[in-house]
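Engineer: next one to model:
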Amino acid sequence: MARGREGMAKRERERVRQERQEAKRLKKETLAAEEESSPDVDEGRLMEEFRLLSERHAAGNVSEMTYETERRRIFDELGIDGDH
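Structural biologist: As a prediction, this is how the structure comes out:
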């Protein structure tokens, strides 16, 4: 009888181990897919681009329409809702 319980416990430990391995595999796949679908955003470059755009707009070198279009593009790349 003791051997039966030991065998059942061993099978249960193996099942739990396999479930953990499967969970890790799924997590790795999910992370890899997220990395592929969202390219790295160079926030520093985009913020610098926005700073320069704002300066040029304030100096009158960029039209309001161009400013709004470029600002929206930069904010979209940064993932910021720029409509407010």
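Engineer: where does residue 74 land in three-state SS?
Structural biologist: Using DSSP: H, G, I helix; E, B strand; the rest coil, the structure places residue 74 in helix.
Engineer: wouldn't it be in contact with residue 51 here?
Structural biologist: No: contact criterion Cβ atoms under 8 Å: residue 74 and residue 51 do not qualify, at 10.1 Å. Quick note: C-beta positions are derived from backbone N, CA and C, even for glycine.
Engineer: among the two, which residue is more densely surrounded?
Structural biologist: residue 74 (17 against 10; other Cβ atoms under 10 Å).
Engineer: what distance do you get for that one to residue 17?
Structural biologist: Remark: distance between residue 74 and residue 17 (Cβ to Cβ, to the nearest Å) = 48 Å.
Engineer: what is the subsequent helix or strand relative to the longest helix along the chain?
Structural biologist: Looking across the chain with DSSP state H, the single longest helix is helix 2-37. Downstream of helix 2-37, the next assigned helix or strand under DSSP states H and E is helix 43-58.
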